[in-house]
Structure formats: C-alpha cells, structure tokens
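S.K.: here are the coordinates; sequence isn't available:
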C-alpha cells in the first residue's frame, strides 16, 4: 500500500449562503468551528443542501490519490448507522481501502456543514460525532506497517485517546506526514504541533496563515529560515501566490494557475496534498510534485465539493 490516511471520518454537507448568514450566526468566515448536534441541526434547518458526500480532509486526499491510480487506505471512526454505511460505501466506490470495522455506537457518524459564500470561501461547522472518539485500538497495526507512509490530519489531534491514536500511528509508520488543517487547530494545539513539525514528522503541509501562526513568523523569509533549520520537507500553499516547498537548503516554488473560474474552495488543500504526494511517492522531483498539487487544486476549486468526479 502506498499511503494510509488517518483522519476524521466526516460526511460533508455543502450549502450556499450569503455573508449575512455568517454574521447572524456569529461565524468567522474561512474558519472551522466545532459544534454539537443541536447547533448543527439548527444551522442546517433553513438551508438548501447542494451536495452530501463522504469527506474529512485526509479522506479527500486519499480519494484524490486513488483517482490518480495509487493504492491507498483510510482509517476513520464511523458508527454502524445510515451515514456511516454511506460513508464507507462512498470510499470503497473510489477504490479506497477502508481499514476500520464499524460497529453500533451510541454516538452518530460525524458531519460537517460547509457554508460556501459568493466569494467561494468556505466556512465549516463540524459535529465530530464518533469520529472524535478514535482510540489506539482503532488503528490497524498491519495497515500502518504495510504502508509506505501515513498521512494524518491536524483536525484529528486532541488530548486523550485521539492523541494516543495519533502517536501510535506515527510510532509504527515508516514515514509520517501531516497537514496542519486549519489556523484554528494551530492556535489550539500550538505547542504540540510545533513539536510535531520540528521533531517528529517527515513531511508537513500547511497554508501560509497556519505556518506563520505556528512559528510566530512575520514573513515567509522567516518561515523559509525555520524550514531550513529543521531539515524536514515543509510544503506551503499560498493561495494566489502559489506554493513553496523547502527541504534542507533547497527551496522550490510554483506559481498559481491564472484565470480560473473559482466556484468553491472546499478541498483545495486536500487535493493539492493528493497531487503533491502522488508525485512524491512515485519519485517525481519536488518541483514537479508542486505542479501536480497545483493542477489538482486548480481543478477542484472550479466545481462544488471536494471530489473531482
């Protein structure tokens, strides 16, 4: 197996809203907010659903990698309920090997309300459900050991059992990769994330805001200096400023695609990671891997949702 993804198994519910909806519900645009089941249902009650699909950051990346003909697996905790069954089926249809044996739980399968404003920005309200209750026992040892790398998401990290599950996966992995996921996650787990990026991970993905927040940088020059010092592979997306990868003393840059008809930014980072990792695991040079990540991200932002097909 090329890549095993481990993350929150979340069913994405995509809706279009205006700016007033965010203001009225005290939501910060372009961020992720954790909500309980009651608030989730309240927010959804007056909205039209555009699309419902199995999601979660790393799961989206695994689907992207699979569509590029790579052998991939995914571990995420779901309930043996209607949404859980639909989630598993959605991944297996995309040839993603689902390495979690679902069972009946008291907590439902997780859901994420993705609110897309007219400027194509997405604001997420996530009810983690059973996804946030992942434990070390849910991590399939053989799946980890038989993969060339394990790709983890910052959204998964939390104190207690989820952290222990995260640590177990990294301990068993041949190579550990992580996406910082969201500035909200970085702010919440700053000390832990800094330690992960500096000392434990082989590859880290972040956007410009996330990495600047993580190391308290004032400029990208400071980020590059930091990356050279830790001597890991750090891959950073910069929106319309393109992307950059730093490994040792080498710095690679890729321009953003121009004149795109942007519809929805959901999944842009996830598909970028899929494209980059596709190149990386197939021994493509880093500069060309950046271009593949850019190509994938450019395609996904011109349609609704985080699936290319």
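M.R.: Sure thing, it's come through. Keep in mind that what you see is a predicted model, and the values were worked out from it rather than measured.
S.K.: partner residues bridging the closest residue to residue 100 other than its chain neighbours?
M.R.: Once flanking residues are discounted, residue 100 sits nearest to residue 75: 5.2 Å by CB to CB, 6 or more residues apart in numbering. Where you see a C-beta, it was placed from the backbone N, CA and C, and this is true even at glycine. Counting by DSSP bridges, residue 75 is bridged to residue 6.
S.K.: give me the distance between residue 75 and residue 169.
M.R.: According to CB to CB, to the nearest Å, residue 75 stands 8 Å off from residue 169.
S.K.: overlap of the contact sets of these two?
M.R.: Shared contacts of residue 75 and residue 169 (CB atoms under 8 Å, 6 or more residues apart in numbering): 6, 139.
S.K.: show me the strands in the stretch 201-309 of the chain, by range?
M.R.: Secondary structure of the stretch 201-309 of the chain (DSSP state E, counting those that start in this stretch): strands at 203-207, 233-237, 243-247, 250-254.
S.K.: would you turn the ones you listed into TSV with mean pLDDT and mean neighbour count?
M.R.: Listed next are the strands of the stretch 201-309 of the chain as TSV, based on pLDDT from 0 to 100; neighbours: other CB atoms under 10 Å:
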stretch	mean pLDDT	mean neighbour count
strand 203-207	97	25
strand 233-237	98	24
strand 243-247	97	22
strand 250-254	97	15
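S.K.: in JSON lines, list these along with distance to residue 10.
M.R.: Conversion of the strands of the stretch 201-309 of the chain to JSON lines gives the following (distance: least, CB to CB, whole Å):
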{"stretch": "strand 203-207", "distance to residue 10": "18"}
{"stretch": "strand 233-237", "distance to residue 10": "21"}
{"stretch": "strand 243-247", "distance to residue 10": "25"}
{"stretch": "strand 250-254", "distance to residue 10": "29"}
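S.K.: OK, contacts around residue 272?
M.R.: 205, 237, 243, 293, 294, 296, 297.
S.K.: out of the strands of the stretch 201-309 of the chain, nearest to residue 23?
M.R.: Across the strands of the stretch 201-309 of the chain, residue 23 has its closest neighbour in strand 203-207 (24.1 Å, CB to CB).
S.K.: can you list the strands that the closest one pairs with?
M.R.: In the sheet, strand 203-207 lines up with strand 176-179 (parallel), strand 233-237 (parallel) (DSSP bridges).
S.K.: show me what counts as buried in the first one.
M.R.: So that's strand 176-179. 176, 177, 178, 179 (16 or more other CB atoms under 10 Å).
S.K.: quick one: the helices in the stretch 151-300 of the chain, in order.
M.R.: 161-172, 183-188, 190-195, 208-215, 220-230, 268-281, 286-300 (DSSP state H, counting those that start in this stretch).
S.K.: residues in contact with the longest one?
M.R.: By CB under 8 Å, 6+ apart, the residues outside helix 286-300 that reach it are 64, 233, 235, 237, 242-245, 247, 250, 252-257, 260, 266-280, 284, 306-308.
S.K.: spatially central residue in the protein, please.
M.R.: Centroid-nearest residue in the chain: residue 57, 2.7 Å away (criterion: CA atoms, centre = their mean).
S.K.: how far away is the closest residue to that residue other than its chain neighbours from residue 302?
M.R.: Closest residue to residue 57 in three dimensions, ignoring its sequence neighbours and counting by CB to CB, 6+ apart: residue 153, at 4.6 Å. Note on residue 153: its distance to residue 302, by CB to CB, is 24 Å.
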